[in-house]
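Novice: Predicted model and sequence below, questions to follow.
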Amino acid sequence: MNHALSLTLVAGFLLLVYGATLYPTHGGGLDSAEFQIAGKILGVTHPTGYPLYCLTGRLIASLPFSTLAVRVTLFSTLTMILALVLLLETARRITGSTWMAVFAVLLLAFSPPAWNTATIAEVYALHLLFVSTLFLFYLSYITEETTLNGIRLAFTLGLALTHHLAAIFVLIGILLSEIPRRLGRTKQRICFSLFLRHGFIFLIPVTLLAYVPLRVANGAYSFDLYQFNSITDYVWYYLGGENPRLLNLNPVSFIQNQFFQGVVFFLEQWGVFPAVLTILGGVGLVHARHPLAPLLIWIFLAHIGLAGIWTVADRDAILLPGLLSAALFLAYGLEEIFRQVKKGALSSVAAYCVVAVLFITGAINARCAGSVILDRNQILDGAFLARVYEALPSKAVICTAFWERVNLFQYILHAGEFPDKEIHVYRWNDPRAQAGLAEIQHYLAGTSSFGYDHLPPDPSRRFFFVDAPADLPPPGPFRFVPVQITETLSIFELRINPILSKPENPQSLPAAGLISQSADTWKVLTWAWHEPVANQTITGRPLIIQTRIYSTGIGAHAGSSLCFKVPLNAVRFEADVGPSGELPAGSPVSIVFQIKAEDRILVRSPVLRWDSPPYRLECPVQGESEIILEIDGTEDGLRADHAVVGEPVFWIEK
């Protein structure tokens, strides 16, 4: 295959797929909204600051097409594609085969971590571009030690450090590679000659780290309200905050626990069979004494370890530089298999079987990743919070316990969509709990230890608590109703009231001579997460299945069972059942309802998911004294399985 053509085709294909699955509005990841707006206002992001990303975001904000959120997200897509194209070039140089390079890079491109990172606004795609570029530049440098190759390597390494602190692992890897390489040639040249010769070039981009103190001095907005009172504060900030993970590691515990967790996570994201071939390819690269092998091995192992340390939210992105190395090992392993075929040491059938298994594994991985991303793109939390913002009075303070929602609100605030409102957004615990209420009281008294700017007393300013993602609305139109949740302070919760007219219930018509009786007498036999409640959901909201509203019924959670006494002369039981309409689109809900009498199953519903319409559950009850309604989850567990039993009735002979 023509190499230039292969690069173009891969880039075009990735642009088509990634572009089609781009997160469509502000948000998408935990910190996405923060990064989408930080560049426009030249703010100070959470540690470690990411000055290069903020300055780039300023340029992106000035572009004239689409929305700011989509432009910043598209920047992640383009940087990820460029990173993969450069990785393809590196793989081709290592293996000498364009086909194997393309195969390995596409396997990486559609792995869950890479696909997700490419379609949300985050710093990791640009970091991967730097890592991939440094792989290629270092390979060029050790192949031909020209001044130009050394300068561009040093400059890129310095620039990478101004974006993401994890670039220091590439610096360490290059040192670990350079020292033994030069020891084998001339002992006098082992003193970090790469950086001594080009140290000035390396330091030029590092001066961008001055962005944070300069912006702090100019009163720029700090997204996590980090306090800069001394040089020590800046040092801790650049190291990752007040409690850098790497400075608190116990080496023995790390090997026994975190590194092992990282290995398990790597196998989950990459696949067991590709992982085996990756390890074989890595061993082959070391055995061949390839000069890039020490750097690749170091990056691979270091980021598997980091993935074991990191929080769940960022773990997949932290693993990605290790997956870059894994893709290069895999390409080398595949090429080595076909070399053995040419030598007659391995049959071509076995080689193509290996490729087929890899292809199937990659297809399964891509299908799972694509499904998750499409579901993610339906959960438009940011769009909903814009409606919350619109519903607030002109002076308000938003309280939320979730950083993601703080970031989303900050995007709305700084995007300038509501210039007539004086809104402040803070992260507080639930003010219905004593700890959250105490935080707000300290804030109002000017004694808060969180660094919040104290607002002068204003009787017209009210506090609104925005709860967890479960308060996302059902499909269809709705309105917000403020409900005061504390007696001592003006703190409100915005509750959602649907404004849909009740459609006709498509139930079967009763036979002549039958009357209905509400099945409102029941008792709880078992329950999970929350005890079933009458006439509302387990979160205290109206009973809704899709867009249908029920005035009577039961809110429950999967894992519950209810016992109904069958009235005298009752012949049939009926109810609408399904997942609660309060759940956000794409929720991983899966519920099965069934009615039993003694040990007999009278009726059973199919598996009902977040987008299932109300299911009419009905069964004969003649001769039964009581029936049991069981609400069960499926094999994926009970997460988000909020259930509604709408308007249960018995039909009784007159």
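Specialist: Yep, that arrived.
Novice: Not counting its neighbours along the chain, what's nearest Cys368?
Specialist: Nearest residue to Cys368, sequence neighbours excluded (CB to CB, 6 or more residues apart in numbering): Pro112, at 6.6 Å. For the C-beta atoms, the positions are set from N, CA and C on the backbone; glycine is no exception.
Novice: quick one: the one you found from Tyr389, how far?
Specialist: 32 Å (CB to CB, to the nearest Å).
Novice: neighbour count winner among the two?
Specialist: Tyr389 (21 against 18; other CB atoms under 10 Å).
Novice: out of all of them, which strand in this protein is the longest?
Specialist: The residue-count maximum for a strand in the chain (DSSP state E) belongs to strand 642-653.
Novice: Return the set of buried residues in it.
Specialist: By 16 or more other CB atoms under 10 Å, the buried positions in strand 642-653 come out as His642, Ala643, Val644, Val645, Gly646, Glu647, Pro648, Val649, Phe650, Trp651, Ile652.
Novice: need the contact list for the first one.
Specialist: With contacts defined as CB atoms under 8 Å, 6 or more residues apart in numbering, His642 is in contact with Ala470, Thr537, Ile538, Thr539, Gly555, His557, Pro579, Ser580, Glu582, Leu583, Val589.
Novice: Gln622 sits in which helix or strand?
Specialist: Of the helices and strands defined by DSSP states H and E, none includes Gln622.
Novice: That one contacts Pro567, correct?
Specialist: No - applying CB atoms under 8 Å, one finds Gln622 not in contact with Pro567, separated by 11.6 Å.
Novice: For those two, indicate the residue with more neighbours.
Specialist: Each of Gln622 and Pro567 has its neighbours counted (other CB under 10 Å); Pro567 has more, 13 against 10.
Novice: Can you classify the more buried one by secondary structure?
Specialist: Three-state assignment for Pro567 (DSSP: H, G, I helix; E, B strand; the rest coil): coil.
Novice: which residues sit in contact with it?
Specialist: So, once contact is read as CB under 8 Å, 6+ apart, Pro567 ends up touching Gln517, Phe650, Ile652.
Novice: Ok, Leu617 next?
Specialist: The contact partners of Leu617, taken as CB under 8 Å, 6+ apart, are Glu574, Ala575, Asp576, Val577, Phe593, Ile595, Val603, Ser605.
Novice: Which residue is the nearest non-sequential neighbour of it?
Specialist: Nearest non-adjacent residue to Leu617 (CB to CB, 6+ apart): Val577, at 4.9 Å.
Novice: now do Phe137
Specialist: The shortest distance from Phe137 to any non-neighbouring residue, by CB to CB, 6+ apart, is to Leu153 (4.5 Å).
Novice: Hmm, the one you found is touching Leu136, no?
Specialist: No - using CB under 8 Å, Leu153 is not in contact with Leu136, being 9.7 Å away.
Novice: more neighbours, these two?
Specialist: Using other CB under 10 Å as the criterion, Leu153 and Leu136 rank with Leu153 on top: 25 against 19.
Novice: That one and Phe300: what is the separation?
Specialist: Taking CB to CB, one finds Leu153 at 20 Å from Phe300.
Novice: Could you do Ala391 as well?
Specialist: 50 Å.
Novice: Give the residue spans of the stretch 51-200 of the chain that score low on pLDDT.
Specialist: Residue ranges of the stretch 51-200 of the chain with pLDDT under 70: 182-196.
Novice: 50 - rerun?
Specialist: 187-191 (pLDDT under 50).
Novice: any chance you could map the helices in it?
Specialist: 51-61, 68-95, 98-109, 112-118, 124-143, 147-161, 168-183, 193-206 (DSSP state H, counting those that start in this stretch).
Novice: could you redo those helices as a markdown table and give each row distance to Glu268?
Specialist: As requested, the helices of the stretch 51-200 of the chain are exported to a markdown table (distance: least, CB to CB, whole Å):
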| stretch | distance to Glu268 |
| --- | --- |
| helix 51-61 | 28 |
| helix 68-95 | 21 |
| helix 98-109 | 15 |
| helix 112-118 | 9 |
| helix 124-143 | 18 |
| helix 147-161 | 28 |
| helix 168-183 | 22 |
| helix 193-206 | 36 |
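Novice: among these, which is nearest Asp224?
Specialist: Asp224 sits nearest to helix 51-61 of all the helices of the stretch 51-200 of the chain, at 14.1 Å, using CB to CB.
Novice: Run through the neighbouring helices and strands of that closest one.
Specialist: Packing partners of helix 51-61 (3 or more CB pairs under 8 Å, 6 or more residues apart in numbering; DSSP states H and E): helix 32-41, helix 68-95, helix 124-143, helix 211-217.
Novice: Out of those, which is closest to Arg405?
Specialist: In terms of CB to CB, the element of the helices and strands packed on helix 51-61 nearest to Arg405 is helix 32-41, at 8.9 Å.
Novice: Excluding its own residues, what touches that closest one? List them.
Specialist: Applying CB under 8 Å, 6+ apart, the external contacts of helix 32-41 come out as 23, 26-27, 43-46, 50, 53-61, 68-69, 72-73, 120-123, 220-221, 223, 382, 404, 407-408, 410-411, 414-415.
Novice: Can I get stretch 126-142 in PDB, CA atoms only?
Specialist: Extracted C-alpha coordinates of stretch 126-142, given in PDB (Å, rounded to 0.1, in the frame of the first residue of the first chain):
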ATOM      1  CA  LEU A 126      -3.300  16.800  23.000                       C
ATOM      2  CA  HIS A 127      -1.100  14.900  25.500                       C
ATOM      3  CA  LEU A 128      -1.200  11.800  23.300                       C
ATOM      4  CA  LEU A 129      -0.300  13.900  20.400                       C
ATOM      5  CA  PHE A 130       2.900  15.000  22.200                       C
ATOM      6  CA  VAL A 131       3.700  11.500  23.300                       C
ATOM      7  CA  SER A 132       3.200  10.200  19.800                       C
ATOM      8  CA  THR A 133       5.300  13.000  18.300                       C
ATOM      9  CA  LEU A 134       8.100  12.400  20.800                       C
ATOM     10  CA  PHE A 135       8.200   8.700  19.900                       C
ATOM     11  CA  LEU A 136       8.700   9.700  16.300                       C
ATOM     12  CA  PHE A 137      11.200  12.500  17.000                       C
ATOM     13  CA  TYR A 138      13.300  10.400  19.300                       C
ATOM     14  CA  LEU A 139      13.300   7.600  16.700                       C
ATOM     15  CA  SER A 140      14.500  10.100  14.100                       C
ATOM     16  CA  TYR A 141      17.100  11.400  16.600                       C
ATOM     17  CA  ILE A 142      18.600   8.000  17.400                       C
END
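Novice: Look up how far Leu306 lies from His164.
Specialist: Taking CB to CB, one finds His164 at 12 Å from Leu306.
Novice: Could you do Gln546 as well?
Specialist: Distance, Gln546 to Leu306, by CB to CB: 43 Å.
Novice: And these two? Which one has more around it.
Specialist: A side-by-side neighbour count of Gln546 and Leu306, using other CB under 10 Å, places Leu306 first with 22 against 17.
Novice: check contacts around the more buried one.
Specialist: With CB under 8 Å, 6+ apart, Leu306 has these contacts: Ala166, Gly262, Ile318, Leu319.
Novice: I am finished for the moment; much appreciated.
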